[in-house]
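>>> Got a predicted structure here, sequence first:
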Amino acid sequence: MSNTAVPFELFSPDYFRDPYTALDWLRVNSPVHRYVFPVGDVPMWVVTRYDDAMAILADTRFSTAEWRGSAEFQASGLSVSGGTILAQTIPGLDPPEHTRVRRCAMSGFTPRNVDRWREDIRRVIDETIQDWELGQEKDLVAEFAALIPPAVIATRLGFALDRREELARDVDLLISTNPADFPRIPGARERICDYGRELVALKRAEPGDDLTSAFIRAADEEGRITEDELVALVIIMIIAGVGTTKMFITNAMLALLDHPDQRKMISDDPAILAASGIEELLRYESPVASVPWRFPTEAVRVGEVDIAPGEPVMVMIASANRDPDVFDDPHRLDLTRTGSRHLGLGHGIHNCLGAAVARLISEMALATLIERFPDLRLAIPREEIRRHEVWALNDYRALPVTL
Ligand code: HEM
């Protein structure tokens, strides 16, 4: 077992100012790192090398089901599902349940279906910036990135927009790792589950040209997913899609503000975003710093370390994506980069189901901002742009800019 002493405190305010220095150190000195998680004192492992991350994500001996976690994990309050139907959402299912439910979910993400999103995305982006004028100050998080994904996903799922803000708040609470939020999480979880149930009932009574109706059709026709799994499927679209896409639009825009030469490449040729730019931005700073916990179902050796069944494993894709053994000069943003696959959208059976949608929304949002506001710049000094201190996410609090 490795008990390497690290020269910094993981997930401290200093860590969040610059996570990559700490992750670089771990990758070299303690690639499968023993760590006691401060919430609930849970002994666990932090994995930082690309090859180890790929191997774990492709290895079905690592479960995502929270009930498989150690006794310390169960007692810690770190469980997102809290034993509700959220435990039946695809991220937390193992095969064969995962295979069955994911097959049903994929019916909503065929290339033809994803193309239907384009019109809604265009309309939502245009409405969001319709009153924007050159020279104004805007917070690109609150006034742009946070508004577009929920509006698009809500429209495609077919739910009433008046509930959007309440839902977005509940999703934020659900993924919070701040112990001060813990007492409010069960309420948020219940509201989200109730909402999913209402939406399925509504669309069963009045089917439409939307994702929820497509899921219901697939579920009823194939008859192979339960009502709870169906409700959980609708809910996970909101939980998995809204926050991640908001953060990615923000992270990508900040990376481009930090690299004016790369931004100019997009102004000169917006097609570079779809060709390789979005993939590079996802590598450079995916909003998902660590994928949800993996729990070994038997003792597994990773690198030089034996991991016991149930011990939570944090697979740090933020670090894997900057592994110099795989990516040349990994801390450099290069929109023309091709070659090894990044892990920003995951890998293995749980890879991002909404990947095509995530790419499309982000590409259209970034291209529009860059085209409409060619001189857009930060409105505050760079060092004042701060991350939320959430260990699993790369999430900035605000991005004030002058248009
Ligand atoms: C830029 C935005 C996004 C990023 C960076 C992202 C990233 C990821 C990652 C890393 C995973 C793998 C998690 C794991 O291994 O446990 C994942 C899974 C997933 N994502 Fe995304 N995601 C994004 C947007 C979306 C959108 C828009 C949707 C839906 C509309 C979505 C739905 C899902 C679902 C359902 C899963 C679970 C798949 C499974 O367990 O089989 N994501 N995402």
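Good, I have the coordinates.
>>> thought V80 was touching S176?
No - counting by C-beta atoms under 8 Å, V80 does not reach S176; the two are 9.9 Å apart. The C-beta positions use only the backbone N, C-alpha and C, and glycine is treated the same way.
>>> More neighbours: those two, which one.
V80 (20 against 17; other C-beta atoms under 10 Å).
>>> In contact with that one, which residues are there?
E66, L86, G92, L174, I175, P292 (C-beta atoms under 8 Å, 6 or more residues apart in numbering).
>>> which of these are close to the ligand?
P292 (C-beta under 6 Å from any ligand atom).
>>> Could you list the contact residues of the stretch 151-300 of the chain toward the ligand?
Residues of the stretch 151-300 of the chain lying near the ligand (C-beta under 6 Å from any ligand atom): 153, 236-237, 240-241, 244-245, 248, 286-288, 291-292.
>>> most neighbours, which of these?
F248 (29 neighbours).
>>> buried stuff in the helix or strand that contains that one?
Using DSSP states H and E, F248 falls within helix 227-258. Residues of helix 227-258 classed as buried: 229-257 (neighbour count, 16 or more other C-beta atoms under 10 Å).
>>> Which strands or helices does it pack on?
helix 97-106, helix 148-157, helix 164-174, helix 185-205, helix 211-222, helix 260-268, helix 278-285, helix 355-372 (3 or more C-beta pairs under 8 Å, 6 or more residues apart in numbering; DSSP states H and E).
>>> Most widely separated two among the residues of the stretch 151-300 of the chain next to the ligand?
I153 and V291 (20.4 Å; C-beta to C-beta).
>>> for L10, phi and psi?
phi -60, psi 140 (degrees, to the nearest 10).
>>> can you check I385 too?
phi -80, psi 120.
>>> show me what contacts it?
Contacts of I385 (C-beta under 8 Å, 6+ apart): L254, L378, Y396, A398, L399.
>>> can you pull out the strands in the stretch 1-150 of the chain?
Secondary structure of the stretch 1-150 of the chain (DSSP state E, counting those that start in this stretch): strands at 32-37, 42-47, 62-63, 137-139.
>>> among the ones you listed, which is nearest I225?
strand 62-63 (19.6 Å).
>>> pLDDT (mean, whole number) over the closest one?
Taken as a whole, strand 62-63 carries a mean pLDDT of 96.
>>> Just checking: what are the partner strands of it?
Using DSSP bridges, the strands paired with strand 62-63 in its sheet are strand 295-296 (antiparallel).
>>> helices or strands next to the helix or strand following the partner strand in the packing?
Once strand 295-296 ends, the next helix or strand along the chain (criterion: DSSP H and E) is strand 300-302. Judged by 3+ C-beta pairs under 8 Å, 6+ apart, strand 300-302 is in contact with helix 50-57, strand 305-307.
>>> residues making contact with strand 300-302?
V32, W45, V47, D52, A55, I56, D59, R61, F62, D306, I307, V313.
>>> Can you give the strand pairings for it, parallel or anti for each?
strand 305-307 (antiparallel).
>>> If you count neighbours, what's buried in the partner strand?
Buried-residue list, strand 305-307, by 16+ other C-beta under 10 Å: V305, I307.
>>> Now do that strand, average pLDDT.
pLDDT averaged over strand 305-307 gives 95.
>>> do the next helix-or-strand element following it and the ligand meet at all?
For strand 305-307, the following helix or strand on the C-terminal side (DSSP H and E) is strand 313-315. No - judged by C-beta under 6 Å from any ligand atom, strand 313-315 makes no contact with the ligand; its nearest approach is 7.6 Å.
>>> chain center to strand 313-315, what's the gap?
From the chain centre to the centre of strand 313-315 is a distance of 15 Å (C-alpha atoms, centre = their mean, to the nearest Å).
>>> Keeping just the C-alphas, turn whichever helix or strand comes after it into PDB.
Tracing the chain past strand 313-315, the next element assigned as helix or strand by DSSP H and E is helix 317-320. Provided in PDB are the C-alpha atoms of helix 317-320 (Å, rounded to 0.1, in the frame of the first residue of the first chain):
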ATOM      1  CA  ILE A 317      -9.400  12.300 -15.900                       C
ATOM      2  CA  ALA A 318      -8.200  15.900 -15.400                       C
ATOM      3  CA  SER A 319      -4.800  14.400 -14.800                       C
ATOM      4  CA  ALA A 320      -5.000  11.600 -17.300                       C
END
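>>> now for helix 317-320, which elements pack on it?
Using 3+ C-beta pairs under 8 Å, 6+ apart, helix 317-320 is in contact with helix 19-29, helix 50-57.
>>> Just the C-alpha atoms of the last one, please, in CSV.
The reference is to helix 50-57. Coordinates of the C-alpha atoms in helix 50-57 are reproduced here as CSV (Å, rounded to 0.1, in the frame of the first residue of the first chain):
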residue,chain,number,x,y,z
TYR,A,50,-3.7,7.9,-18.3
ASP,A,51,-3.0,4.2,-18.8
ASP,A,52,-4.3,3.3,-15.3
ALA,A,53,-7.4,5.5,-15.8
MET,A,54,-8.2,3.8,-19.2
ALA,A,55,-7.7,0.4,-17.7
ILE,A,56,-10.0,1.0,-14.7
LEU,A,57,-12.8,2.6,-16.9
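>>> Good, we can wrap up now.
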